[in-house]
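Colleague: got a predicted model here, sequence first, then my questions.
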Amino acid sequence: MTRTRLNTLIALAFALVLGSAAMIVRQHESTLAHGTVVLLELAPVDPRSLMQGDYMALRFAVDRDLPHPSDFAGDTEATQAPPPRYAFLALDSAQRATLVGTGNEPATAAGQVAMRIRVRDHLNSVGPNAFFFREGTGADYESARWGEFRVAADGNALLTHLRDAQLERVGTTKPFSDLD
């Protein structure tokens, strides 16, 4: 292989990586700008990791009602239904969500939102397992009771904020670069 051909392949690989990253960023920006606001009640979990810094370990109340992944493992019968990939959530007037069902397609009834189900630590969950924040600001998040998500039509969700019992956003509202 000639040097020119190798350089061309490296440049194409680099362009592919950059293009993929740009596409993911664009999808997330679209979700943040246009996604449906969904509030999920938090289930209490212990925060803090010496290796990772300050964070709040997250678990969501709706996760308790999702089917367990082991319910779908080990059965090789062709009639076995696949594990659900989406949680269907009904929203009240304040955007608080309650689980109304699960399924394998993101299509939902009116007034509902579908969130993608992920398996983490051998349990199904609709959200991330941690919310990281700047060291020393943990007290700002102690009152968190709800996770605020932006949910895209395809079921992908991004956790954007934490909220207290009165549904007010908690934590610092300054841009990260202004905290120094």
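Modeller: Perfect, thanks for sending it.
Colleague: what's the distance between the residue nearest the centre of the chain and Asp154?
Modeller: The residue lying closest to the centre of the chain (C-alpha atoms, centre = their mean) is Gly127, at 3.8 Å. To Asp154, Gly127 is 16 Å away according to C-beta to C-beta, to the nearest Å. In this view, the C-beta of every residue, glycine as well, is placed from N, C-alpha and C.
Colleague: can you measure across stretch 105-112, start residue to end residue?
Modeller: Using C-alpha to C-alpha, to the nearest Å, the end-to-end distance of stretch 105-112 comes out at 13 Å.
Colleague: pLDDT below threshold where in this structure?
Modeller: Flagging of the chain using pLDDT under 70 yields the residue ranges 44-53, 70-82, 172-180.
Colleague: domain-wise, how is the protein divided?
Modeller: 1-34, 35-178 (automatic domain parsing).
Colleague: please identify the most buried of those.
Modeller: Compared across the domains of the chain, domain 35-178 shows the largest average neighbour count, a mean of 15 (mean count of other C-beta atoms under 10 Å).
Colleague: show me where this protein has its helices.
Modeller: With helices called from DSSP state H, the chain shows them at 3-34.
Colleague: can you give me the strands for it?
Modeller: Counting by DSSP state E, the chain has strands at residues 36-41, 55-57, 86-91, 97-103, 112-116, 118-120, 123-125, 130-132, 146-151, 157-163.
Colleague: and those strands as TSV, adding distance to Arg26?
Modeller: Compiled in TSV, the strands of the chain are given as follows (distance: least, C-beta to C-beta, whole Å):
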stretch	distance to Arg26
strand 36-41	19
strand 55-57	27
strand 86-91	23
strand 97-103	26
strand 112-116	18
strand 118-120	22
strand 123-125	26
strand 130-132	23
strand 146-151	15
strand 157-163	13
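Colleague: Ile24 is nearest to which of these?
Modeller: strand 157-163 (11.7 Å; C-beta to C-beta).
Colleague: skipping its backbone neighbours, what lies nearest Ala130 in space?
Modeller: Distances taken as C-beta to C-beta, 6 or more residues apart in numbering place Tyr55 nearest to Ala130, at 4.8 Å, with adjacent residues excluded.
Colleague: okay, stretch 155-171 in PDB with CA atoms only?
Modeller: C-alpha atoms of stretch 155-171 as PDB (Å, rounded to 0.1, in the frame of the first residue of the first chain):
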ATOM      1  CA  GLY A 155     -38.100   7.300  22.500                       C
ATOM      2  CA  ASN A 156     -34.600   8.600  23.100                       C
ATOM      3  CA  ALA A 157     -34.500  10.700  26.300                       C
ATOM      4  CA  LEU A 158     -32.000  13.200  27.700                       C
ATOM      5  CA  LEU A 159     -32.000  14.100  31.400                       C
ATOM      6  CA  THR A 160     -31.700  17.900  31.500                       C
ATOM      7  CA  HIS A 161     -32.400  18.900  35.100                       C
ATOM      8  CA  LEU A 162     -33.400  17.700  38.500                       C
ATOM      9  CA  ARG A 163     -36.500  19.200  40.300                       C
ATOM     10  CA  ASP A 164     -37.700  19.400  43.900                       C
ATOM     11  CA  ALA A 165     -41.100  18.300  45.300                       C
ATOM     12  CA  GLN A 166     -42.600  21.600  44.100                       C
ATOM     13  CA  LEU A 167     -41.300  20.900  40.600                       C
ATOM     14  CA  GLU A 168     -38.800  23.800  40.800                       C
ATOM     15  CA  ARG A 169     -35.400  23.100  39.200                       C
ATOM     16  CA  VAL A 170     -32.600  22.500  41.700                       C
ATOM     17  CA  GLY A 171     -28.900  23.100  41.500                       C
END
